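Peer 1: Pasting a predicted model and its sequence here:
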Amino acid sequence: MKRILLLAFLFAGVTAFAQIKTPAASPSSKLEQTIGMTEVAIEYSRPSVKGRTIFAADGLVKHGKKWRLGANRVTKMTFSTDVMLNGTNLEAGTYAVIATPSAASWDFHFFTHDTGSWSKYVDREPLLTITSPVVAMGEKVETFMITTDEHTDNSANIYFLWDKTMVAIQVKTEVDAKVMKNIETVMAGPSANDMYQAATYYHKSGKDLGQALTWITKATSGDEPKFWQVRRKALILADMGKKKEAIEAATMSMELAKAAGNDDYVSMNKKSIMEWSK
């Protein structure tokens with residue numbers, strides 16, 4: 001009897017928490033696109049016309065009234081770097097975006113995204129509002145769509161299309177300064193850390209110690225060598241049989257470690273100096 005009651009209880013629990021899934025009336029969508037060197041992500045829902053009047057004074061989306069720019073939750077846009085939207089600066093970040101359509105233009109309002117409930121933004125002061133003209137299309141787009149086109153090295157347009165209406169936001173990104181910085185970095189050659197990593201790999205894997213020494217010497221030749229890098233130089237020198245030079249490097253590493261407050265490296269270098277001094 002207890003077993004039957006237990007099974008009945010479990011069945012009732014499963015039934016209570018079961019959910020019937022059906023197709024969403026306005027399916028969610030996510031657009032991920034690189035514009036220039038900026039990653040852009042747009043998350044929104046896609047309602048369909050379904051024979052209704054969409055953009056009009058008495059339409060589903062009324063002229064002069066704020067709209068969630070889709071359906072269900074607020075439309076969310078993320079920019080990985082600072083951008084210019086229709087010529088106005090916007091910092092990198094994630095934004096809730098709603099729109100106020102009219103017959104001639106749309107206003108796009110950008111807010112710091114902190115909730116998916118679009119109604120929470122209606123009475124707030126936006127961080128940015130930009131305006132884009134409306135373009136009437138000859139062909140109808142049944143299901144609301146956000147896409148990008150007209151890509152250049154540093155720009156693209158984000159398009160909003162629904163029914164026979166098309167509106168675009170121009171996105172411009174900073175590319176030249178980033179590319180020039182990359183060029184300068186690469187053309188300047190490997191960094192001290194690159195040299196250290198290469199020397200460490202050669203040393204640990206038993207490759208050419210002479211080459212490892214060349215790299216670690218370059219890595220530690222600056223005005224502010226790091227104690228762990230100088231420690232690697234000492235170990236390489238010791239394995240090459242150059243004990244005097246190894247002790248000098250270990251002593252230097254020990255002093256740098258003391259200044260940095262790293263007792264572990266101080267202890268390791270002391271032990272090595274004693275061993276190599278025998």
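Peer 2: That came through fine.
Peer 1: Would you mind listing the residues in contact with the residue nearest in space to the middle of the chain?
Peer 2: Residue closest to the average C-alpha location in the chain (C-alpha atoms, centre = their mean): S80, at 5.2 Å. Listed by C-beta atoms under 8 Å, 6 or more residues apart in numbering, the contact set of S80 reads T38, E39, V40, A92. (C-beta placed from N, C-alpha, C; glycine too.)
Peer 1: Among those, name the buried ones.
Peer 2: In the contacts of S80, burial by neighbour count holds for T38, V40, counting by 16 or more other C-beta atoms under 10 Å.
Peer 1: domains in the chain, as residue ranges please.
Peer 2: Following automatic domain parsing, one finds the domains of the chain at 23-176, 190-276.
Peer 1: now the strands for the chain?
Peer 2: Under the criterion DSSP state E, the chain contains strands at 28-35, 38-45, 55-56, 61-62, 75-79, 83-85, 88-90, 93-101, 105-112, 128-149, 155-173.
Peer 1: would TSV of the ones you listed with distance to V186 and mean pLDDT be doable?
Peer 2: Shown next, in TSV, are the strands of the chain (distance: least, C-beta to C-beta, whole Å; pLDDT from 0 to 100):
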stretch	distance to V186	mean pLDDT
strand 28-35	21	96
strand 38-45	21	97
strand 55-56	50	96
strand 61-62	50	96
strand 75-79	26	97
strand 83-85	25	97
strand 88-90	29	97
strand 93-101	29	97
strand 105-112	36	97
strand 128-149	29	96
strand 155-173	21	97
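Peer 1: would you list these in CSV and tack on distance to A257?
Peer 2: Formatted as CSV, those follow (distance: least, C-beta to C-beta, whole Å):
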stretch, distance to A257
strand 28-35, 44
strand 38-45, 40
strand 55-56, 69
strand 61-62, 66
strand 75-79, 43
strand 83-85, 45
strand 88-90, 46
strand 93-101, 41
strand 105-112, 45
strand 128-149, 50
strand 155-173, 44
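Peer 1: Tell me how many other residues crowd D58.
Peer 2: For D58, the neighbour count with other C-beta atoms under 10 Å is 7.
Peer 1: Go ahead and name everything in contact with stretch 55-62.
Peer 2: The contact list for stretch 55-62 (C-beta under 8 Å, 6+ apart) reads R52, T53, I54, H63, G64, W67, P101, A103, W162, D163, T165.
Peer 1: try stretch 96-114
Peer 2: Against stretch 96-114 from outside (C-beta under 8 Å, 6+ apart): 55, 61, 63-69, 74-77, 85, 90, 93-95, 115, 118, 121-122, 124, 126-134, 160, 165, 167, 169.
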